[in-house]
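K.L.:
The sequence and its predicted three-dimensional model are supplied below.
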Amino acid sequence: MQFLKTLFWALLVGVMVAFALNNMTMVPLKLWGTLYADVNLPLLLLVTFLAGFLPTFVALHLTRWRLRQRIAATDRTLADLHRVEAVSVPADPAPIPSQVTPGAVS
């Protein structure tokens, strides 16, 4: 399985490099006013991909981290409740003696 994953990533990188080499053209970007910047098309595509991918990637990892923290807090609370329950409930409760007054007949 590791070989297939390595093969997949190698093919993906190969396709990306082939695309970048075949499309190495300059694209004019209008920054503001009359200011233009000439940028390579593959670099522009990489920057736009990262601009869309990184925020969602960070949001995913922050959400997973927050949920792990909540699960850990819940597990600690459950462990504390089980510990308190085990201490407060005796294993063999002693019978409570009844209050009987001497000489009283029922």
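P.N.:
Sure thing, it's come through. Numbering: from 1, shown residues only.
K.L.:
would you say residue 30 is within a strand?
P.N.:
Yes: checked against DSSP: H, G, I helix; E, B strand; the rest coil, residue 30 lies within a strand.
K.L.:
And the helix or strand that contains residue 46, what does it pack against?
P.N.:
Assessed by DSSP states H and E, residue 46 sits inside helix 41-88. For helix 41-88, the elements it packs on are strand 26-32, judged by 3 or more C-beta pairs under 8 Å, 6 or more residues apart in numbering; DSSP states H and E. Where C-beta positions appear, they are placed from N, C-alpha and C, glycine not excepted.
K.L.:
so how far is residue 46 from residue 1?
P.N.:
29 Å (C-beta to C-beta, to the nearest Å).
K.L.:
Those two: which has the busier surroundings?
P.N.:
Higher neighbour count among residue 1 and residue 46: residue 46, with 13 against 5, using other C-beta atoms under 10 Å.
K.L.:
what residue ranges in the chain score low on pLDDT?
P.N.:
Applying pLDDT under 70 to the chain flags the ranges 88-106.
K.L.:
swap the cut-off to 80 and go again
P.N.:
The model of the chain has pLDDT under 80 over residues 84-106.
K.L.:
Could you measure from the residue nearest the centre of the chain over to residue 21?
P.N.:
In the chain, the residue lying closest to the centroid (C-alpha atoms, centre = their mean) is residue 64, at 1.9 Å. Using C-beta to C-beta, residue 64 is found at 37 Å from residue 21.
K.L.:
again with residue 35
P.N.:
29 Å.
K.L.:
again, but for residue 69
P.N.:
45 Å.
K.L.:
Same question for residue 9.
P.N.:
19 Å.
K.L.:
okay, the angle between the one helix or strand residue 19 maps to and helix 41-88?
P.N.:
Element membership for residue 19, per DSSP H and E: helix 2-22. Using axes from the mean of the first three to the mean of the last three C-alpha atoms, to 10 degrees, the direction of helix 2-22 lies 150 degrees away from that of helix 41-88.
K.L.:
Contacts for helix 2-22 next, please.
P.N.:
residue 42 (C-beta atoms under 8 Å, 6 or more residues apart in numbering).
K.L.:
Now it: buried residues?
P.N.:
Going by neighbour count (16 or more other C-beta atoms under 10 Å), nothing in helix 2-22 comes out as buried.
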